[in-house]
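> sharing a model that was predicted from the sequence below.
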Amino acid sequence: MAGRMIQRFRPYFKYLQPHRGLLSFAILCGILAGVASGFGLPYMVKKVFPVIFAKDALPLTPWELTKVTLWIPAVFLVRGVATYLNTYFIQLVGTQVLETIRLDFFRKLQVLPLSFFQKNSTGDLLSRGLADANQLQVTLTTVANEIVRSPASLIGSIGIVAWIAYEEQGVALVLVTLAVVPLSVLPIRYVGKKLIKRAGQIQAELGGVTSIFSENLSATKEVRAFNLEERELARFGRASQTLIRAQMKFVKYEKALTPLIEIISAVGIAFTLLYAYKVHLSQETFITLITALYASYEPIKKLGSLNNELKRGLGALDRLEEVLQTHVAIVDSPDARPLGRAHGALTFENVSFSYQAGEIVLNQVSVQIPAGTVCALVGPSGAGKSTFANLVPRFFDPVGGRVLLDGHDLHSLRLADLRRNIAIVSQDPVLFNDTIYENLLIARPEATREELEAAARAAYAHEFILSFPAGYDTVVGERGARLSGGQKQRLALARAFLRNAPILILDEATSALDSDSEAAIQAALKQLVVGKTVLIIAHRFSTIRDATKIIVFDAGEIAAIGSHAELYAANPLYRSLYDRQTASA
Ligand SMILES: Nc1ncnc2c1ncn2[C@@H]1O[C@H](COP(=O)(O)OP(=O)(O)O)[C@@H](O)[C@H]1O
Ligand SMILES: [Mg+2]
């Protein structure tokens, strides 16, 4: 059973590979510590007690006395130093392994498709990346350690029992006392079966608690605005209760193990006593035997909990593997070609897309957007405009048809090269918790300070940046929390200026601007779009009217393509959208 479980961990022992030197040393210390416990302690009793408590022997010289009593600190010294070195180095390897596992997990999160993050909550992923990785580390190191230390200790103590029993009273006693050893394995197996179910459950419930926690932290304003404090507290309380119940079920079985083994071993000791009485066993021999027996139950217990440890580790492993083995759909194909600066001609050929099977969001969309065209996407909310734009940087891949850039299927291009050719400004730009300068620089890391400030000026951001005491060195807070929506959008525009990519996607990029900055930004945008292929989704028709090409989306299909004048004359949907907007303005 344990063997099969260890097989499951096989691929992960590769994490121990780079540390095999240290690990071998730690394991050697473990074997020494095991032998010192299992064999050393009873052997010490056997050596010391008969000499000290001998009834009718000659008095000992001081030297003989010292030699005998020194056995005690000597055995404990060896055991102590070996145990210390063993646990210290196992921990050292363990933390390094944990780092590798966490990095692998984090690396995977960087490349997983966006759809993955819509299916999995942040809190659950946090708990997998932190708690489960931690559990896996504990399991790997405990297993690597105990799998040699405990057998060494067990063999040592069984060896000394056998030796004494053989010397003193023949082999019969050996069999009686050893009969208990296989018996103690019974509760271990029974409890183990109960534990495997609970282990995965605990990690899953922990994920639930973390989910609520992180969701709550990201909605602090909503909680106060809607008076949700009580509701959130109740929700968190329930999840946390469920977690506690799952944990207690685990504890119920896990903690039963030690008492069960001890009760069984007490039966063993009772039998040995009976036998000792019958054969008039000497007191010293008996004490040595008990010490040896006791020393043998320790490794049995350890091996038993090792089984549980493996099960807990398996629970964590399952949850980590769900992420680590998620198929990364959007990757470079093996023959992907490099791409320098693109011209920016986009072609959609019969492109269909759906987020979930059976729910069509884009249906057989075909359109050509020549390089340098300013192209506006118009249509009712939910018509598929953002989805259409998101196919260009391959945030999602179409389920049918293909998208081409300068005549090349996007699949044939290197992903990083493709994305380098695109600048995106979205409705809700995200800033990193860093300085404004660093936040702008990510758009083009090799840009000079002058270029960066010029971009900020062009986006009408320079002035408000300088109004902060720290200027460009102002730290913006998590997700840019210390800035207004309009300021964030202007920084996002500054990024687009700095990036100067041939393809520009503006998805409601001016929606958060107040009417003061709106006019200035419109002027900035006119400058930004020159010579670029632009996909612009805007809620204000003032921006749209000037577009060279307007695509009207309706329920996932292209209803019409044309200029403002053409569409206003010929397309009822466009006309009604336009009239409604201008009437309300
Ligand atoms: N991440 C998503 N998962 C599932 N459905 C989505 C997702 N994003 C958008 N949708 C759905 O796809 C349709 C088109 O959305 P979208 O492209 O955002 O429309 P628009 O930008 O035109 O308002 C809508 O019905 C929306 O509910
Ligand atoms: Mg949209």
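Structure's in. What do you need? Residues are numbered from 1 along each chain as shown. Ligands and ions are numbered 1, 2, ... in the order given.

> how about the residues of the stretch 401-550 of the chain by ligand 1?
Within the stretch 401-550 of the chain, no position lies close to ligand 1 (Cβ under 6 Å from any ligand atom). Quick note: C-beta positions are derived from backbone N, CA and C, even for glycine.

> break the protein into its domains for me.
Using automatic domain parsing, the domains assigned to the chain come out as 11-324, 346-584.

> quick one: low-confidence parts of the stretch 1-150 of the chain?
Per-residue confidence for the stretch 1-150 of the chain (pLDDT under 70) gives these ranges: 1-2, 56-57.

> residue of it nearest ligand 1, please.
residue 118 (5.0 Å; Cβ to the nearest ligand atom).

> least confident of the domains of the chain, on average?
The stretch with the lowest average pLDDT out of the domains of the chain is domain 11-324, scoring a mean of 84.

> and it, how far apart are its ends?
Terminal residues of domain 11-324 are spaced 12 Å apart (Cα to Cα, to the nearest Å).

> host element of residue 559?
strand 557-562 (DSSP states H and E).

> circling back: mind putting the domains of the chain into a markdown table with mean neighbour count and distance to residue 338?
Output for those, formatted as a markdown table (neighbours: other Cβ atoms under 10 Å; distance: least, Cβ to Cβ, whole Å):
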| stretch | mean neighbour count | distance to residue 338 |
| --- | --- | --- |
| domain 11-324 | 17 | 19 |
| domain 346-584 | 18 | 6 |
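
> apart from its neighbours in sequence, what residue is nearest the residue nearest the centre of the chain?
Computing the C-alpha centroid of the chain and ranking residues by Cα atoms, centre = their mean puts residue 129 first, at 2.0 Å. Spatial nearest neighbour of residue 129, chain neighbours left out: residue 105 (4.8 Å); criterion: Cβ to Cβ, 6 or more residues apart in numbering.

> can you confirm residue 404 is in a helix?
No. Residue 404 is assigned strand when assessed by DSSP: H, G, I helix; E, B strand; the rest coil, not a helix.

> and the strands in the stretch 251-400 of the chain?
Listed in chain order, the strands of the stretch 251-400 of the chain (DSSP state E, counting those that start in this stretch) span 346-353, 362-369, 374-378, 400-405.

> so which of these gets nearest residue 239?
Distances from residue 239 to each of the strands of the stretch 251-400 of the chain were compared by Cβ to Cβ, and the smallest falls on strand 346-353, at 35.2 Å.

> could you spell out the sheet neighbours of the closest one, each with its direction?
Based on DSSP bridges, the strands next to strand 346-353 in the sheet, each with its direction, are strand 362-369 (antiparallel), strand 400-405 (antiparallel).

> out of these, which gets nearest to residue 261?
Go through the strands paired with strand 346-353 one by one with Cβ to Cβ and the one that ends up closest to residue 261 is strand 400-405, at 62.4 Å.

> other residues contacting the closest one?
Contacts with strand 400-405, where a contact means Cβ atoms under 8 Å, 6 or more residues apart in numbering, come from 339, 342, 344-353, 364-366, 391-392, 409-411, 413, 418, 421, 503.

> ok so, going back, distance to residue 21 added to the strands paired with strand 346-353, as JSON lines?
Conversion of the strands paired with strand 346-353 to JSON lines gives the following (distance: least, Cβ to Cβ, whole Å):
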{"stretch": "strand 362-369", "distance to residue 21": "56"}
{"stretch": "strand 400-405", "distance to residue 21": "50"}
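
> and of the domains of the chain, who's closest to residue 3?
Between residue 3 and the domains of the chain, the tightest spacing by Cβ to Cβ is seen for domain 11-324, at 10.2 Å.

> enumerate the residues of the chain near ligand 1.
For the chain, the residues in contact with ligand 1 under the definition Cβ under 6 Å from any ligand atom are 118, 355, 361, 379, 381, 382, 383, 384, 385, 386, 387.

> just those residues: which are in helices?
Secondary structure assignment (DSSP state H) places 118, 385, 386, 387 from the residues of the chain next to ligand 1 within helices.

> for the nearest residue to residue 142 once chain neighbours are set aside, what are its contacts?
Closest residue to residue 142 apart from its sequence neighbours, by Cβ to Cβ, 6+ apart: residue 309 at 5.1 Å. By Cβ under 8 Å, 6+ apart, the residues touching residue 309 are 138, 139, 142, 143.

> three-state assignment of the third one?
Three-state call for residue 142 (three-state DSSP): helix.

> re the thing from before, and the ones in helices among the residues of the chain next to ligand 1, which two are furthest apart?
Spatially, the most separated pair among these is 118 and 385, at 18.4 Å (Cβ to Cβ).

> what helices or strands is the one helix or strand residue 67 maps to leaning on?
In this structure, residue 67 sits in helix 62-69 according to DSSP H and E. If you count contacts as 3 or more Cβ pairs under 8 Å, 6 or more residues apart in numbering; DSSP states H and E, helix 62-69 packs onto helix 41-52.

> how far out from the middle of the chain is the helix it packs on?
If you compare the mean C-alpha spot of helix 41-52 with that of the full chain, they lie 52 Å apart, counting by Cα atoms, centre = their mean, to the nearest Å.

> tell me the angle it makes with helix 62-69.
Interaxial angle of helix 41-52 relative to helix 62-69 (axes from the mean of the first three to the mean of the last three Cα atoms, to 10 degrees): 150 degrees.
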